[in-house]
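Q: pasting the sequence and the predicted coordinates here, then a few questions.
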Amino acid sequence: MTDTLNFEGRVVIVTGAGNGLGKSHALEFARRGAKVVINDLGGATSGGGRDSAVAQKVVDEIKAAGGEAVANGDSVEDGEKIVQCALDTFGQVDVVVNNAGILRDATFHKMTQEDWELIQKVHLGGSFAVTRAAWPHMREAGYGRVIMTASGAGVYGNFGQANYSAAKLGLHGLAQTLAIEGAGKGIFVNTIAPIAASRLTESVMPPAMLEGLKPELVTPLAIKLCHESNTDTGQLFEVGGGWVSRLRWEQTQGARFNPAQGFSAEQLADEWDTVQSFEGAGHPKDMMNTLKVVGELIGVDLSLS
Ligand code: NAD
């Protein structure tokens, strides 16, 4: 099949592109004509260490195949430096794929402050820092595509990953607001929750599963969402092993009480089935639905405020 999703003239930053998913994304962006910043600190899966050869190896592979790329060994916490590398080398930044990540798994009662903070710093802080640095350039150009890499652990929770779950769902919260703020400037921001064989999963997945879950089975979604033809924004996808699926919020009709009279916990208990029942549930796209319902109850048109 011919490639119609071309990235000729586009500059793409992929963080954590030295291994796993990031490497797969970067190789494919480059193969499709993008100039790619291969960012990777080259550290351990738990966050320590640094090795500039990791990013350089991917750059060498891209160049050997006739593509264009530059290596960057900064931590995503120093987002300004990574974006500056894109500007200095290629003069612009069109796409940011926030992908770099580490793990510091521990059950919550054993989780240290350091386990918590490091995960927030790299995942949430790093995605903030890189995107924040690229944002003014995208606004000025009236064009941008951004990916946040979340996880099913954030969407559903996962034993031993309280720090990681919090950061990962935080990324979707960030993406949803950036989607709102970026829409008028042609900047579209989406979140992917992948599943793939990598350094991060090789110790927790059985070999047969690792064999089937190639990072290359996640990359087409990143390519699709980052292409200029894509206008979807603020969306969340699960992807892996050949499956791509979109997630959305679902809201029950809910119980309604007279706000002037208030209501007791016992009255709420009586209506608990109504609170819980998804019969006739809605799929709100923004906060307007909540404002409308609450506004009707209190007799004020909150949608105008
Ligand atoms: P990976 O370890 O193969 O790749 C992550 C890369 O990020 C590594 O090369 C690492 O050196 C780099 N990195 C780590 N900290 C960095 C920092 N501070 N600055 C720059 N680079 C840094 O792991 P992967 O599985 O390919 O993970 C990629 C992303 O996907 C991560 O955000 C991860 O949380 C997420 N994710 C992966 C899976 C999965 O099944 N593999 C599932 C859900 C989410």
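A: All right, it came through fine. The shown structure was predicted, so the numbers you read here are calculated from the model rather than taken from an experiment. Residues are numbered from 1 along each chain as shown.
Q: from here on, just use CA atoms for contacts and neighbour counts.
A: Fine.
Q: so residue 192 is in which element?
A: Using DSSP states H and E, residue 192 maps to strand 187-194.
Q: now that strand, how far from the centre of its chain.
A: Distance of strand 187-194 from its chain centroid, counting by C-alpha atoms, centre = their mean, to the nearest Å, is 5 Å.
Q: that one: what's the following helix or strand?
A: The helix or strand immediately downstream of strand 187-194 is helix 207-212, counting by DSSP H and E.
Q: can you pull out the low-pLDDT segments for the stretch 51-200 of the chain?
A: Scanning the stretch 51-200 of the chain for pLDDT under 70 picks out nothing.
Q: quick one: the strand holding residue 192 near the ligand?
A: Yes - Strand 187-194 comes into contact with the ligand (C-alpha under 6 Å from any ligand atom), by way of 193, 194.
Q: who's in contact with that strand?
A: Outside of strand 187-194, the residues within contact range by C-alpha atoms under 8 Å, 6 or more residues apart in numbering are 138-139, 142-152, 171-172, 175-176, 178-179, 182, 218, 222, 225, 231-240.
Q: switch the cut-off to 7 Å
A: Residues outside strand 187-194 that contact it (C-alpha atoms under 7 Å, 6 or more residues apart in numbering): 138, 143-152, 172, 175, 178-179, 182, 218, 231-240.
Q: what subset of these is buried?
A: With burial judged by 16 or more other C-alpha atoms under 10 Å, the buried subset of the contacts of strand 187-194 is 138, 143-152, 172, 175, 178-179, 182, 218, 233-240.
Q: so which of those also contact the ligand?
A: Among the buried ones among the contacts of strand 187-194, the ligand is touched by 149, 150, 151 when using C-alpha under 6 Å from any ligand atom.
Q: looking at the contacts of strand 187-194, which are in strands?
A: If you go by DSSP state E, these have 144, 145, 146, 147, 148, 149, 236, 237, 238, 239, 240 in strands.
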